[in-house]
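In: here you go, sequence then predicted model.
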Amino acid sequence: MAQRPRFFTPSQVASHNSEDDLWVSFLGRVWDLSPLLSRHRGDPLLLPLLECAGSDISSWFDPETKDLLTLVDPVTSCVRYSTPRGRVLHVPPAGPRSDWPSPGGEPWWRDRRHQVGLLGTTRWIRVVNTLTSLEQPLQVCSEETMEEVLQRYLGNNSHAHSYTWKYQEAELHMDKMLQENNMADNDAELQTLRLDPDLFTPAVMLYFNDDLTEG
């Protein structure tokens, strides 16, 4: 069975915004370009990527070809890549040039070695620990299974596996997504009704598994 892709929220991508740790997203995929920057450190053609560190750069690409957008240069009448933030690594200079060494291989936007996962559709849930009465808002991806949601929650409670997870009194299937566990995302409908979605955030209840038995 193929391994499930890992989903990331835009806020997770945004947290990787430095020269030594640089992620971007485009066309629904998340890319870690840190190794690329390390290999080409100091190259001025990295500047557009550094300026967009941690952000979504889908506007750079043609969704059909998955390639950078192109245009006809008004001066040379040649088709070239459109780079509104300036020429970027692996993009040839405008017009015919004999002094530009082609880097060879796949350009960074096609090199799947840099792809780390997919950009998820985000939503909020509330995780309520019935043992401690603590409630934690948690941003998750709709495409994730409950087990993957649990992995996100581990930062708030390292013993999350010691609890039974329930929604509306029904035990959740940890290998299924929120929607498959009858936890529908009604934000669009609520907004149509002019209701605040934050007031209707679904609550997942955690019940501690007390395995102790009386002797």
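Out: Yes, it's here.

In: what is the mean pLDDT for stretch 113-123?
Out: Across stretch 113-123, the average pLDDT comes to 95.

In: buried residues in the lengthiest helix in the chain?
Out: What stands out as the longest helix in the chain, according to DSSP state H, is helix 146-153. Across helix 146-153, burial judged by 16 or more other Cβ atoms under 10 Å covers 146, 148-150, 152-153. Using the backbone N, CA and C atoms, a C-beta is placed for each residue, glycine as well.

In: how does the protein divide into domains?
Out: 7-119, 122-208 (automatic domain parsing).

In: and the closest residue to residue 60 other than its chain neighbours, what does it touch?
Out: Computed as Cβ to Cβ, 6 or more residues apart in numbering, the closest residue to residue 60 that is not its neighbour in sequence is residue 68, at 5.8 Å. Listed by Cβ atoms under 8 Å, 6 or more residues apart in numbering, the contact set of residue 68 reads 60-62, 81-83, 91, 109.

In: can you give me the helices for the chain?
Out: Using DSSP H, helices in the chain cover 10-14, 34-39, 47-51, 146-153, 187-192.

In: highest average neighbour count across those?
Out: helix 146-153 (a mean of 19; mean count of other Cβ atoms under 10 Å).

In: what lies in contact with that one?
Out: With Cβ under 8 Å, 6+ apart, helix 146-153 has contacts from 4, 7, 125, 127, 136, 138, 140-141, 144, 160-161, 165, 172-178, 181.

In: in this protein, which helix or strand is least confident?
Out: helix 187-192 (a mean of 70; mean pLDDT, DSSP states H and E).

In: quick revisit: so which of the helices of the chain is nearest residue 117?
Out: Taking Cβ to Cβ, helix 10-14 is the member of the helices of the chain nearest to residue 117, at 9.4 Å.

In: got a list of what the closest residue to residue 20 other than its chain neighbours touches?
Out: Leaving aside its sequence neighbours, residue 20 sits nearest to residue 34 (Cβ to Cβ, 6+ apart; 6.5 Å). Counting by Cβ under 8 Å, 6+ apart, residue 34 touches 16, 20-23.

In: go through these and name the one nearest residue 132.
Out: So of those, ranked by how close each gets to residue 132 (Cβ to Cβ), first place is residue 16, at 31.9 Å.

In: how close does the closest one sit to residue 34?
Out: 8 Å (Cβ to Cβ, to the nearest Å).

In: any common contacting residues for the two?
Out: What both residue 16 and residue 34 touch, as defined by Cβ under 8 Å, 6+ apart, is the set 22-23.

In: for the chain, what spans make up the strands?
Out: 7-8, 17-18, 21-26, 29-32, 70-72, 79-81, 115-119, 122-129, 134-141, 163-167, 170-171, 203-208 (DSSP state E).

In: parallel or antiparallel, which strands does the first one pair with?
Out: In this case it means strand 7-8. strand 115-119 (parallel) (DSSP bridges).
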